[in-house]
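Colleague: model the structure of this input:
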Amino acid sequence: MVSDSKANMMAQFTRDVLAGGIRAVEEQGGIVVGFMGDAFLGFLSESENVFSSCLSIAQDLNNQCEYISNNYEAFPFSPQGPSLKIAIEYGHFDISDITSKFLGNQKLFAGEAINYAARISAAESGNRCLIGPQAYENGLKDYISRGDGPFSIEGKQGESICEYYRLNLDDIWIERESEESYWS
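Modeller: I've put the predicted structure just below:
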């Protein structure tokens with residue numbers, strides 16, 4: 001069980017991480033349409049804006065990681081420190097309305113692109129920005145280095161294998177391979 005002070009600290013950290021990402025998407029002309037715990041769903045229309053948002057989000061998280069590593073002996077929620085996953089795929093999606101007493105009327109976004117992004121976000125560990133094949137073919141291949149894909153991950157049962165590419169942001173954010181390399 002997590003103490004109230006640790007839960008409050010984690011909630012504040014999550015809000016800080018989300019705020020930086022939301023700002024990055026909106027500054028590039030995108031919109032943030034939903035939240036899922038410590039994640040959000042945003043839409044951007046141009047590949048260059050998507051790439052610029054990823055750079056800004058990565059830089060924001062890197063700054064927060066630096067702050068944490070300089071001010072805390074260990075991050076109490078993850079032995080290897082916080083990490084960020086960005087998953088990007090292009091495609092069509094459907095919007096439906098869904099209502100609950102507590103939340104009122106909300107938008108439900110569903111579609112292959114959203115499902116694909118969710119699948120590839122589970123690949124690899126540490127900080128990463130993973131790109132689906134439609135995003136790759138429709139503009140983001142210009143930002144992929146040789147050797148950064150395609151890779152694959154199994155889909156859910158009954159789904160095909162999901163291919164993805166890695167957007168290399170090593171110059172922006174801290175890559176952690178082990179607890180010792182991050183916190184020492």
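Colleague: CA only for contacts and neighbour counts going forward, please
Modeller: Will do.
Colleague: show me what the mean pLDDT comes to for stretch 159-172.
Modeller: Average pLDDT, stretch 159-172: 80.
Colleague: my read: Gly111 touches Tyr90, true?
Modeller: No. Using CA atoms under 8 Å, Gly111 makes no contact with Tyr90, being 10.4 Å away.
Colleague: in the helix or strand Ile95 falls within, what counts as buried?
Modeller: Using DSSP states H and E, Ile95 sits in strand 94-100. Buried residues in strand 94-100, counting neighbours by 16 or more other CA atoms under 10 Å, are absent.
Colleague: what sits up against it?
Modeller: Applying CA atoms under 8 Å, 6 or more residues apart in numbering, the contact partners of strand 94-100 are 105-111.
Colleague: so among the residues you listed, which ones count as buried?
Modeller: Of the contacts of strand 94-100, not one counts as buried by 16+ other CA under 10 Å.
Colleague: sort out for me which of those are in strands.
Modeller: 105-110 (DSSP state E).
Colleague: any low-confidence regions in the chain?
Modeller: 1-3, 68-69, 71-83, 170-184 (pLDDT under 70).
Colleague: 80 instead, please
Modeller: Judged by pLDDT under 80, the chain has its weakly predicted residues at 1-7, 9-14, 16-17, 36-38, 61-84, 125-127, 146-147, 155-156, 158-159, 168-184.
Colleague: now the helices for it?
Modeller: 4-27, 47-71, 112-120, 133-137, 179-183 (DSSP state H).
Colleague: now mean neighbour count and distance to Ala39 too, for these, in a markdown table please.
Modeller: What follows is those, written out as a markdown table (neighbours: other CA atoms under 10 Å; distance: least, CA to CA, whole Å):
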| stretch | mean neighbour count | distance to Ala39 |
| --- | --- | --- |
| helix 4-27 | 16 | 7 |
| helix 47-71 | 18 | 12 |
| helix 112-120 | 19 | 11 |
| helix 133-137 | 18 | 20 |
| helix 179-183 | 13 | 23 |
